[in-house]
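Peer 1: here's my sequence, what's the structure:
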Amino acid sequence: MKTSQLTSRKVQTAKTPGYYGDGGGLYLQVSNYGTRSWVFRFMVAGRAREMGLGSLETFSLKEARARARECRQFVSQGIDPIEDRRKKRDEARAASGEAMPFKKAAQLFLEVHVNGWRNVKHQQQWANTLQTYAFPTLGTRPVAAINGALITVALAPIWTAKPETSRRVKQRIERVVQWVKDGMPLPIEGASKRTRHHPAMPYEAVPGFMVRLRANESISARALEFCILTASRTGEAIGATWAEIDLDARIWTVPADRMKSGKEHEVPLSKRAIEILKALPREKGSVYVFPGARAGKPLSNMAMLELLRGMNSDGYTTHGFRSSFRDWAGEQSSFPREVIEHALAHRIKDKAEAAYARGTLLPKRQKLMEAWGSYCAAPLTGATVTPLRRAQHG
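Peer 2: Modelled structure (predicted):
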């Protein structure tokens, strides 16, 4: 590969628009407007690419050759230098974000998500609680330094006196920190519209709804109750087989081929979920926990939705109960965010969190699902029931 075909004089006198090759993939590009810059052309994985190496005013011929040589070294190893540069820029942005003071990060989080709140009151609660309880201790600390110990110090004064408020503030602090670690992504466009396709029952209304559901003795009712108690998807629940259920260990193991993530998922079963399973009749010749009307087939994927419609549930969907569970867990429980996300079979992006979760997650999820089961049974113990109402979506 012949290189060094250009000279300093040729570079300085090049005026006609076009590419002037130096060899080894390095070119001087003269635009139609007279600007001159360096580019590196290369092939990687059978794909032709062109990478800018900077302006002639910034990098001399000698410096451009050095940069092109570094790029050729990447290509020889099968690495796309353009993607490598993007990766380094992303890492630099992430490092910069984590160096940001927590107060600034929280303010940016609130601004970015201004259209995503359920209502104005919810947004104000976020801002006010962070201002009052988090900023005095954590406001000037870099996001990268925020850990469990610092959060404990910040919330210790109110943990006993205001347990519900402190749990909510803890969840909000953790969410801001994770948002920065994820690169401060913008909300997904159209997410609010998609949410309206799967209306979620407010978690305050779930216990009262469960009383009505238990009064229905159909197989569809038991499947829906089981689905709600396990925070599972419709397809996972109706496709459950007895071979997946371990009643002694109180674990339901959903195989990878039936999971949206493509990964096997263990679901801890609460006491009420176990009661449902033990009371179900076993249909001869069927492997399904919730058999359908047709022999050897599971319950229809529309059965639970039709049941909901028949109960005049204001248009709520089966899938929406996963959101009900998520809102309850985030707002009313003290379980860490990663435990809640794993209960919903969501992937944890942070590698360090994922490594930690593998060793401790199942025992914590067992406690979480038992707490959810107890909450759903609250009316049976005399708790106040919030009337059923339509969810508001911001």
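Peer 1: mind listing the helices for the stretch 151-300 of the chain?
Peer 2: With helices called from DSSP state H, counting those that start in this stretch, the stretch 151-300 of the chain shows them at 163-181, 191-197, 206-214, 219-230, 234-238, 271-279.
Peer 1: burial count for Arg222?
Peer 2: 20 (other C-beta atoms under 10 Å). (Each C-beta comes from the backbone N, C-alpha and C, glycine too.)
Peer 1: count the neighbours of the closest residue to Val114 other than its chain neighbours for me.
Peer 2: Nearest non-adjacent residue to Val114, counting by C-beta to C-beta, 6 or more residues apart in numbering: Gln123, 7.3 Å away. By other C-beta under 10 Å, the residues close to Gln123 number 17.
Peer 1: next, the buried residues of the helix or strand containing Gln123.
Peer 2: Gln123 is part of helix 120-129, with elements assigned from DSSP states H and E. For helix 120-129, a neighbour-count test (16 or more other C-beta atoms under 10 Å) marks 123, 125-126, 129 as buried.
Peer 1: which among these gets closest to Thr241?
Peer 2: Trp126 (42.8 Å; C-beta to C-beta).
Peer 1: rewinding a little: pipe the helices of the stretch 151-300 of the chain into CSV and attach distance to Ala378 and mean pLDDT per row.
Peer 2: Listed next are those as CSV, based on distance: least, C-beta to C-beta, whole Å; pLDDT from 0 to 100:
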stretch, distance to Ala378, mean pLDDT
helix 163-181, 15, 88
helix 191-197, 26, 42
helix 206-214, 4, 91
helix 219-230, 13, 94
helix 234-238, 22, 90
helix 271-279, 12, 95
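Peer 1: measure Ile228 to Met369 for me?
Peer 2: Computed as C-beta to C-beta, to the nearest Å, the Ile228 to Met369 distance reads 11 Å.
Peer 1: do the same with Ile151
Peer 2: On the measure of C-beta to C-beta, Ile151 and Met369 end up 24 Å apart.
Peer 1: more crowded one of those two?
Peer 2: For Ile151 versus Met369, the count of surrounding residues by other C-beta under 10 Å is larger for Met369: 24 against 19.
Peer 1: lowest-pLDDT helix or strand in this protein?
Peer 2: helix 191-197 (a mean of 42; mean pLDDT, DSSP states H and E).
Peer 1: quick one: low-confidence parts of this protein?
Peer 2: For the chain, applying pLDDT under 70 flags the ranges 1-2, 90-97, 118, 188-198, 313-314, 347-360, 379-394.
Peer 1: now the strands for it?
Peer 2: 18-23, 26-30, 36-44, 47-55, 245-246, 251-254, 265-268 (DSSP state E).
Peer 1: chain center to the shortest one: distance?
Peer 2: Just to be clear, that refers to strand 245-246. Relative to the centre of its chain, strand 245-246 is centred 28 Å away, using C-alpha atoms, centre = their mean, to the nearest Å.
Peer 1: got it, and the second one?
Peer 2: Averaged C-alpha coordinates place strand 26-30 at 43 Å from its chain's average position (C-alpha atoms, centre = their mean).
Peer 1: now it and strand 47-55, what's the angle there?
Peer 2: Strand 26-30 and strand 47-55 meet at an angle of 70 degrees, taking axes from the mean of the first three to the mean of the last three C-alpha atoms, to 10 degrees as the criterion.
Peer 1: just the CA trace of strand 26-30, in PDB.
Peer 2: Taking Å, rounded to 0.1, in the frame of the first residue of the first chain, the C-alpha atoms of strand 26-30 are listed here in PDB:
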ATOM      1  CA  LEU A  26      -5.900   9.100   3.400                       C
ATOM      2  CA  TYR A  27      -7.400  11.900   1.300                       C
ATOM      3  CA  LEU A  28      -7.500  15.600   1.300                       C
ATOM      4  CA  GLN A  29     -11.000  16.700   0.400                       C
ATOM      5  CA  VAL A  30     -11.700  20.100  -1.100                       C
END
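Peer 1: list the neighbouring strands of it plus their orientation.
Peer 2: In the sheet, strand 26-30 lines up against strand 18-23 (antiparallel), strand 36-44 (antiparallel) (DSSP bridges).
Peer 1: for Phe135, find the nearest of those strands.
Peer 2: Among the strands paired with strand 26-30, strand 36-44 sits nearest to Phe135 (C-beta to C-beta), with 45.8 Å.
Peer 1: returning to what we had before: for the residue nearest to Val114, give me its contacts.
Peer 2: 110, 114, 117 (C-beta atoms under 8 Å, 6 or more residues apart in numbering).
Peer 1: ok, and the most crowded of these?
Peer 2: Trp117 leads the contacts of Gln123 on contacts (other C-beta under 10 Å) with 17 neighbours.
Peer 1: gap between that residue and Tyr288?
Peer 2: Using C-beta to C-beta, Trp117 is found at 41 Å from Tyr288.
Peer 1: does Lys271 touch Gly373 like I think?
Peer 2: Yes. Using C-beta atoms under 8 Å, Lys271 makes contact with Gly373 at a distance of 6.3 Å.
Peer 1: what about the two, which has more around it?
Peer 2: Neighbours per residue (other C-beta under 10 Å) separate Lys271 from Gly373, with Gly373 holding more: 21 against 14.
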